[in-house]
Every structure is written in structure tokens, then in C-alpha cells.
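# generate coordinates for the sequence data below:
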Amino acid sequence: MTKRLSDPTLQASDVDMISTDAGASPKKTKVSHDTKEQVDAYTISSPFLKDSRFEILYMATRARAETPRLLLEFVGAKYTSAAPVDWPASKTDTPFGLLPLLTHLKPDGSVFTLSETASINRYLAGLFELDGETLEEKAIVDTCYQCANDNVLNTFMSEVWVKGDFNNKENLDKAFEKIQPFLDGVERYLVKNGSNGYFVGSKTTYADLEWYEWIDHFATSYEDRQESMCSETNRPALFKLYTRLKQNSRLKAYAEGGRWEFRPTEPLLSLYSTGVVTENWERSFEFYTKTCGMECVFNKESVMCGEGARYMEFVVNSQEKTKFTVFCFGKSPKPCAESGKANADISFTVRSVQETHDRLVKKGVEFKMPPTKVPWGYMAQFLDPDGNLLTINSATSFDSEA
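Numbers count the residues shown, from 1 in each chain. Take a look at the predicted model:
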């Protein structure tokens with residue numbers, strides 16, 4: 001499972017929320033923003049929310065989970081962004097068999113789970129007071145949010161995404177034409193509030209974050225349409241909302257940090273195997289099967305590493321997922337010859353070998369084998385400080401016919 005942990009240390013003075021008890025909702029208090037010093041700086045003061053942890057389960061993409069992530073980033077909450085490992089088999093673990101799924105781990109040990117994007121956003125907004133103050137303000141926030149979450153989403157789903165070609169000019173022209181009334185509508189709400197970059201008052205709400213995400217998606221994916229859609233001269237109030245949140249220190253750090261692509265903090269999904277290197281694979285085969293009673297589930301020549309090379313996998317029993325491997329170097333061509341003959345050979349499963357390689361290189365890891373195409377996907381290898389060989393493999397099983 002890939003995870004990304006937000007940085008809870010990025011806190012500043014903005015909102016003071018006090019909980020009456022550990023299980024109660026935070027008490028409403030006055031919200032203020034000091035935009036001269038920081039853009040929408042936000043501090044969690046409630047012990048209940050400070051000690052709460054959240055998890056958003058969704059695929060490693062923006063889509064329906066990005067606004068909940070942005071909301072948690074904005075307030076500086078402790079949360080992880082996780083991707084399911086066994087999907088769709090794990091659908092039964094969710095209320096409706098759908099993602100995203102929010103899990104709220106409360107300080108008292110109780111757990112609350114919630115499905116459906118709109119419900120998740122409204123729940124988080126209620127916890128962190130990112131909503132209107134009055135009934136009318138709440139209604140304005142809700143209608144502006146729903147316009148994006150329903151109308152804009154459905155338009156792009158029907159006109160662009162379900163048709164496969166996301167860059168088809170004719171499809172995009174139809175989609176952007178159809179969303180013009182929605183953009184004009186939210187512009188009017190923003191102008192009515194004084195064109196200050198907020199839908200209500202001078203306070204960020206979940207509707208602000210939803211529209212920020214849509215405009216940011218358009219700006220990064222369809223840059224050529226930005227000027228006519230939302231700019232200083234076209235819908236300037238909406239553009240002000242976008243640029244205001246674009247300057248927010250937490251949202252900026254989140255985007256520049258690579259969003260979900262480079263942030264899980266734990267790059268490894270699971271331990272695939274651990275094993276040894278041998279000089280005589282036949283002797284090792286006899287030892288681990290007949291002497292140790294293990295079952296050999298994979299036994300093939302390793303064409304990548306020269307004549308005589310062999311790779312084998314053993315399990316203690318049929319229920320065992322982690323493999324014990326035995327590898328015999330042959331007359332090894334590069335890159336195998338350069339990877340070193342370590343005494344230990346440990347393999348981890350990752351979602352993307354290339355992305356994990358790039359992230360580890362940034363941390364100073366020197367790879368002996370760069371990301372390389374192999375019959376089962378991709379792999380790369382590096383050494384730990386003691387010279388043990390560590391392998392990362394793409395998250396696919398070995399192809400027995402390869």
C-alpha cells in the first residue's frame with residue numbers, strides 16, 4: 001500500500017477551535033485570515049482534532065480524492081493518502097464498493113469510515129469549520145461546490161473522459177462550451193461577495209478548494225485555454241480565488257512535492273522475497289527441497305544474467321506469500337555483473353519501479369542496476385550500506401510462460 005503523510009508542522013495562526021470533549025464536534029468560533037502575513041494560514045487548536053488521524057483510500061491519481069486531500073493539507077491535519085493493494089477484491093471492505101473512502105481515527109480509539117466524495121468533503125468541512133457561518137452562507141457554499149462536483153464533473157465525464165482521447169479538440173471544445181454557464185455562475189457569486197477570492201465572507205470553504213482543484217486541473221492540462229476560461233481579464237474573481245489558494249504555503253508545498261506521485265513516504269508496498277546467492281543451484285535445489293522440505297514454485301534459467309544463471313523461488317507452505325529465493329550467477333553480462341554477488345538478496349514489490357528509483361536516487365541511493373525491462377515487468381537493484389543486494393520489482397506476479 002502506498003502512503004503519503006502530510007506535514008503537520010506547517011501551522012500558523014488562523015482558526016481556534018475548542019472541543020467540549022474528545023468525542024464531540026469542535027465548537028464554532030470566529031474565523032480570521034491574516035492575508036498580509038500568510039495566505040489563509042490555519043492552526044488546529046482543538047485537542048480532539050490535533051490528536052485525530054485520517055486516511056484517504058483511493059487510486060494514485062487526483063480525481064475524486066483530491067479535494068479531500070487538499071482540505072486536509074490546507075488545515076495541516078495528520079493524514080495518509082493510501083492506494084488499495086488488492087482491488088477490486090477488497091470492494092467488500094467499503095460501504096458501497098466504491099472509492100474514495102475516508103477513515104477518521106479518533107483520539108479515543110474509535111474509528112469512523114465514510115464513502116462518497118461529497119459526503120467526505122462536507123464531513124471534513126464540518127470538522128474543521130470550512131463552511132459558511134449562516135444558513136444562507138452554507139447554502140451558497142453547498143451550491144457552488146455541487147456545481148463543480150456534479151455539473152462540471154459530469155460534463156467532462158460524458159464529453160471527454162469516457163471517449164478515451166483526453167486531448168481530442170472537438171470533444172474538449174464541446175466540454176468547455178458546456179461548462180461556460182457554470183463558470184459564469186460561480187463568478188457572479190464571487191463578485192457578489194466583493195470579488196475578494198472567497199465565496200462567503202473572508203473564509204476558505206470546501207467550495208473554494210473544489211473550484212481551486214478544477215481550475216488548477218484545467219490550467220495544467222489545458223494551458224492553452226486558461227486565458228479565455230479564467231484569468232485576470234476573464235472571470236477575474238474566480239481567478240483571484242485560484243491565485244489566492246495557489247499561494248497557500250501548504251497547498252504549494254503539496255503540489256511542488258509531487259502530490260501523490262512522489263509522496264508516499266513509504267515507497268515499498270510489500271516484501272516480495274528474501275533469499276541467498278549460490279554458486280551451485282542444483283545443490284541448493286536439493287538442499288531446500290529434500291533437506292528443508294520447502295516447495296519450489298519457480299525454477300528457471302535467468303537469460304538476463306548469462307549462461308548457467310538460475311533463479312528459483314521456494315515457499316514453506318502453499319499459504320505463504322513471501323518467497324525465499326535462490327539465485328545462481330552465470331557468466332553474467334551487464335548489468336548483472338555490476339550488481340555484485342552479495343550474500344543476501346532481498347526483493348520488494350513497488351507500484352512503479354521507475355518512480356521509486358527516481359525518489360531513492362534523490363535521497364542519495366546509487367543503483368547497480370537501473371530500471372530494466374524483464375519478463376515479469378521491471379526491476380532495479382541497489383546495495384544497502386553493508387553490501388546486501390536489494391531489488392525492487394513491479395507489482396505483478398512472475399509470468400510462468402515468460
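
# what helices or strands is the helix or strand containing residue 182 leaning on?
Assignment of secondary structure by DSSP states H and E places residue 182 within helix 180-192. Contacts defined by 3 or more C-beta pairs under 8 Å, 6 or more residues apart in numbering; DSSP states H and E place helix 180-192 against helix 135-146, helix 236-246. In this view, the C-beta of every residue, glycine as well, is placed from N, C-alpha and C.

# which of the ones you listed sits most buried?
Comparing those by mean neighbour count (mean count of other C-beta atoms under 10 Å), helix 236-246 ranks first with a mean of 21.

# which residues are contacting that one?
Contact partners of helix 236-246, identified using C-beta atoms under 8 Å, 6 or more residues apart in numbering, comprise 35, 39-40, 183, 186-187, 190-191, 195-199, 204, 208-209, 211-212, 215-216, 219, 230-232, 251-252.

# now these: which count as buried?
Neighbour-count burial within these applies to 39-40, 183, 186-187, 190, 197-199, 204, 208-209, 211-212, 215-216, 219, 230, 251; the criterion is 16 or more other C-beta atoms under 10 Å.

# and for residue 104, the neighbour number?
The tally of other residues near residue 104 (other C-beta atoms under 10 Å) stands at 19.

# sec struct for it, please.
On the three-state scheme (DSSP: H, G, I helix; E, B strand; the rest coil), residue 104 is labelled strand.

# just checking, it touches residue 128?
No: under the criterion of C-beta atoms under 8 Å, residue 104 lies out of contact with residue 128, with a separation of 11.8 Å.

# show me what contacts residue 252?
With contact taken as C-beta under 8 Å, 6+ apart, residue 252 is in contact with residue 246.

# tell me the pLDDT at it?
At residue 252, the predicted lDDT confidence score is 90.

# beyond the host helix or strand of residue 283, next helix or strand please.
When secondary structure is defined by DSSP H and E, residue 283 falls within helix 281-286. Under the assignment DSSP H and E, the closest C-terminal helix or strand after helix 281-286 is strand 295-301.

# contacting residues for residue 314?
The neighbourhood of residue 314, defined by C-beta under 8 Å, 6+ apart, consists of 288-289, 294-297, 323-326.

# avg pLDDT for stretch 134-151?
The pLDDT scores in stretch 134-151 average 96.

# contact partners of it?
Identification of contacts with stretch 134-151 by C-beta under 8 Å, 6+ apart yields 117-118, 121-122, 131-132, 179, 182, 185-186, 189, 199-201, 205-207, 210-211, 214.

# show me where pLDDT drops low in the protein?
Segments of the chain classed as low confidence (criterion: pLDDT under 70) are 1-39, 258-270, 303-305, 331-345, 376, 385-386, 395-402.

# what about dumping the CA coordinates of the top helix by length along it to CSV?
In the chain, ranked by residue count with DSSP state H as the criterion, the top helix is helix 206-221. C-alpha atoms of helix 206-221 as CSV (Å, rounded to 0.1, in the frame of the first residue of the first chain):
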residue,chain,number,x,y,z
TYR,A,206,-14.7,23.4,0.8
ALA,A,207,-16.3,25.0,-2.2
ASP,A,208,-13.2,27.3,-2.6
LEU,A,209,-11.0,24.2,-2.6
GLU,A,210,-13.2,22.3,-5.0
TRP,A,211,-13.0,25.1,-7.6
TYR,A,212,-9.3,25.7,-7.0
GLU,A,213,-8.7,22.0,-7.9
TRP,A,214,-10.8,22.2,-11.1
ILE,A,215,-9.1,25.4,-12.3
ASP,A,216,-5.7,24.0,-11.4
HIS,A,217,-6.5,20.9,-13.4
PHE,A,218,-7.6,23.0,-16.4
ALA,A,219,-4.5,25.2,-16.1
THR,A,220,-2.1,22.3,-16.0
SER,A,221,-3.8,20.0,-18.5
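
# so which elements touch that helix?
Other helices and strands packing on helix 206-221, by 3+ C-beta pairs under 8 Å, 6+ apart, are helix 66-75, helix 117-127, helix 135-146, helix 226-229, helix 236-246.

# how far off centre is stretch 226-246?
Stretch 226-246 has its average C-alpha position 27 Å from the chain's average C-alpha position, going by C-alpha atoms, centre = their mean, to the nearest Å.

# typo on my end, it should be stretch 114-129
Stretch 114-129 sits 18 Å away from the centroid of its parent chain (C-alpha atoms, centre = their mean).

# got it, and stretch 235-253?
Chain-centre distance of stretch 235-253: 21 Å, with C-alpha atoms, centre = their mean.

# just the terminal-to-terminal distance for it.
Stretch 235-253 has an end-to-end distance of 26 Å (criterion: C-alpha to C-alpha, to the nearest Å).

# and what about the nearest residue to residue 325 once chain neighbours are set aside, helix, strand or coil?
Using C-beta to C-beta, 6 or more residues apart in numbering and skipping residues adjacent in sequence, the residue nearest residue 325 is residue 275, 3.1 Å away. Here residue 275 takes the strand state, with states given by three-state DSSP.

# who's residue 275 bridged to?
Beta-bridge pairing for residue 275 (DSSP bridges): residue 325, residue 345.

# from residue 163, how far out is it?
Using C-beta to C-beta, to the nearest Å, one obtains 47 Å as the distance from residue 275 to residue 163.
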